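Colleague: next one to model:
(chains A and B)
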There are 2 protein chains.
Amino acid sequence: MAKTRIGIYGYGNLGRGVELACRQNEDLELTALFTRRDPASVQPLTAGVPVYAADDLAAHTGDVDVLVLCGGSARDLPEQTPACASLFNVVDSFDTHANIPAHFADVDVEAKAGGKVALISGGWDPGMFSLARLYATSILPEGHDYTFWGRGVSQGHSDAIRRIEGVADARQYTVPVPAALEAVRAGENPELTTRQKHTRECFVVAEEGADAAAIERAIVEMPNYFSDYDTTVTFVSQEELDRDHAGIPHGGSVIRSGVTGQDGENGHVVEYSLKLDSNPEFTGSVLAACARAVHRLSAEGQTGCKTLFDVPPAYLSPLSAEELRASML
Amino acid sequence: MAKTRIGIYGYGNLGRGVELACRQNEDLELTALFTRRDPASVQPLTAGVPVYAADDLAAHTGDVDVLVLCGGSARDLPEQTPACASLFNVVDSFDTHANIPAHFADVDVEAKAGGKVALISGGWDPGMFSLARLYATSILPEGHDYTFWGRGVSQGHSDAIRRIEGVADARQYTVPVPAALEAVRAGENPELTTRQKHTRECFVVAEEGADAAAIERAIVEMPNYFSDYDTTVTFVSQEELDRDHAGIPHGGSVIRSGVTGQDGENGHVVEYSLKLDSNPEFTGSVLAACARAVHRLSAEGQTGCKTLFDVPPAYLSPLSAEELRASML
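Modeller: As a prediction, this is how the structure comes out:
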């Protein structure tokens, strides 16, 4: 089979993650990068990949089999994915859970109009965690679901801290509460408040002369972001932040605890967990596998919007169905 | 949508597990039990379910939408699944990994000839563990796979002990070595021998006057089953065995440890784990979800042999695609 030609739209951390994933998969080939910056200012890691202005997307529909959209869910993807889905097979990582049905509808119309396949909300949550929830709930209809995130960096919470007056830089870690995790793993089905599930650790660089106490108060009392959590604030130097907190790790666990039997007498715990050194590289690797699947679905003549729920797992693998049955079943 | 009418062929622990799963799912209805015993001697847990002789299967093709085959992989399923697949949509839990390709081929011919859908090797290994391997390997092509089983009861090993002279009863637990599991979870990618991955714990009831030392030697030196493992033998009374070892728990973990980055500098660990109080009831619950999916695939006009690798995950759930996107993605 010919290689799947991948285009990347948006060359930040996630775009580079997709690019690196293409380099690990012989059946994927990065053939175009699209950017809203000056293309001459963008240097791909991969030699020889052409960089085009995002405004020229429509001129390059013949250059890629699947376009992977690597923008943000707040402002970029709600516009970009529908706009691109009538021109290209596309994959995105739209992760605003509450808005997924509306985004799906917007993308579905355009993909069907263009005769293309679009896969939205790839990645790990939504994505692999969603699959874990779906499989476990389908098997164990009587039970409880728990999702824990971390230990990992939340970019949104780090950004929120950086917007506080007197803050030069910051990094926020979301951390699951060990006792809560253990109770869930033991099948105890605890009722857990937001505060009981996760804590938040903040490493903050204060500007010279800033009021540290005021910064700390502004963080721990911030509604939505921090006020519902036990939050710790540690002030560090920029050098310490750069040295000790440069990575973008993340992860977490999806756990379903359910029962079977004549009277629910047998308990079962299903857990899917991730420990990721690099959130964007792992997410990019998921999107690359999704792109492979989208190419296959499109080659079969399918059109419209899909999610990982609709994709036969075998389509994500470069191996043939025969190879998979012989080696992984 | 009308309920999916389920038939069960073979009413042992697994058959009862499927029956119990049908009772937990409103869209599934058990409509027929088939047995090789005298039907009059079989009392289903569910009132009103007719019990038929296995010889009369062909007379009841109109009574069920999907027949779930609950026999053993050694002798029953290699015959039964192909024989039934031309008459019924079927699901089995064939678990002799090395023979899956041949079994698939046998079943595929018959299912296609009959215009039916057959799903083989449902359950958790093969089954959910296979899916965990496939997803993780598709995302992280550079890495290592590990499967640990237990702590859980191995029926095959328990049976092997019972065949030793002087043994009245026995129960064998497969137990992962904690240090090995921790090293894998830490992403250390250890090379592990069979002995380093699992230990075997045997609880044995000796017949009166039997030579305990000889029994212990026969167990720990038994080729294939025990000689490659560190095995402990504990003699107990029948009362103790019945009281403390009556359950059929099992479980385990599939772990993939892989790398991404420009030079493999970022490590990732993906783990799928199960802790099951009842192996047959959990397996039966997986087969029930597979039966739902098979009914849908058949309603779409598909035919032939499938595995969970071929099934869009959404097909396993009773919820609609819209409900799944809104609630689980």
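Colleague: residue of the stretch 1-150 of chain A with the smallest distance to chain B?
Modeller: Using Cβ to the nearest Cβ, the closest approach of the stretch 1-150 of chain A to chain B is made by residue A:138 at 4.1 Å. For glycine as for every other residue, the C-beta is placed from the backbone atoms N, C-alpha and C.
Colleague: share the number of residues neighbouring residue A:191, please.
Modeller: Residues near residue A:191, counting by other Cβ atoms under 10 Å in any protein chain shown, number 6.
Colleague: likewise for residue A:74?
Modeller: When neighbours are defined as other Cβ under 10 Å, residue A:74 has 11 of them.
Colleague: and residue A:12, by the same measure?
Modeller: 12.
Colleague: now it: closest residue in space, sequence neighbours ignored.
Modeller: Closest residue in space to residue A:12, ignoring its immediate chain neighbours: residue A:70 at 6.5 Å, by Cβ to Cβ, 6 or more residues apart in numbering or on different chains.
Colleague: which other residues reach stretch A:291-305?
Modeller: A:4, A:6, A:25, A:27-28, A:65-66, A:68, A:85, A:89-91, A:104-105, A:107-108, A:111-112, A:114-120, A:306, A:311, A:315-318, B:138 (Cβ atoms under 8 Å, 6 or more residues apart in numbering or on different chains).
Colleague: okay, and residue A:285 sits in which element?
Modeller: Using DSSP states H and E, residue A:285 sits in helix A:279-299.
Colleague: report the distance from that helix to the chain centre.
Modeller: Relative to the centre of its chain, helix A:279-299 is centred 12 Å away, using Cα atoms, centre = their mean, to the nearest Å.
Colleague: same thing with stretch A:2-10?
Modeller: 19 Å.
Colleague: list the buried residues of that stretch.
Modeller: A:4, A:5, A:6, A:7, A:8, A:9, A:10 (16 or more other Cβ atoms under 10 Å in any protein chain shown).
Colleague: try stretch A:158-172
Modeller: So stretch A:158-172, judged by 16+ other Cβ under 10 Å, has buried residues A:158, A:160, A:161, A:164, A:167, A:169, A:170, A:171, A:172.
Colleague: so what does the host helix or strand of the third one touch, helix or strand wise?
Modeller: In this case it means residue A:161. If you go by DSSP H and E, residue A:161 is part of helix A:155-162. Under the contact definition 3 or more Cβ pairs under 8 Å, 6 or more residues apart in numbering or on different chains; DSSP states H and E, helix A:155-162 sits against strand A:167-176, strand A:198-206.
Colleague: export those to CSV and tack on mean pLDDT and distance to chain B?
Modeller: As requested, these are exported to CSV (pLDDT from 0 to 100; distance: least, Cβ to the nearest Cβ, whole Å):
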stretch, mean pLDDT, distance to chain B
strand A:167-176, 97, 15
strand A:198-206, 98, 20
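Colleague: nearest to residue B:207, out of the ones you listed?
Modeller: Proximity to residue B:207 (Cβ to Cβ) singles out strand A:167-176 among the helices and strands packed on helix A:155-162, at 51.3 Å.
Colleague: and the next helix or strand past the closest one?
Modeller: helix A:178-185.
Colleague: before we move on, back to that, alpha carbons of the helix holding residue A:285, as CSV, please.
Modeller: The C-alpha trace of helix A:279-299 is given here as CSV (Å, rounded to 0.1, in the frame of the first residue of the first chain):
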residue,chain,number,x,y,z
ASN,A,279,1.6,15.2,26.4
PRO,A,280,1.9,16.7,22.9
GLU,A,281,4.0,13.9,21.5
PHE,A,282,1.7,11.2,22.8
THR,A,283,-1.3,13.1,21.6
GLY,A,284,0.4,13.6,18.2
SER,A,285,1.0,9.9,18.1
VAL,A,286,-2.7,9.2,18.6
LEU,A,287,-3.6,11.7,15.9
ALA,A,288,-1.1,10.0,13.5
ALA,A,289,-2.8,6.7,14.0
CYS,A,290,-6.2,8.3,13.5
ALA,A,291,-5.0,9.8,10.2
ARG,A,292,-4.1,6.3,9.0
ALA,A,293,-7.6,5.1,9.9
VAL,A,294,-9.2,8.1,8.2
HIS,A,295,-7.3,7.4,5.0
ARG,A,296,-8.6,3.8,5.1
LEU,A,297,-12.2,4.9,5.8
SER,A,298,-12.0,7.4,2.9
ALA,A,299,-10.6,4.8,0.6
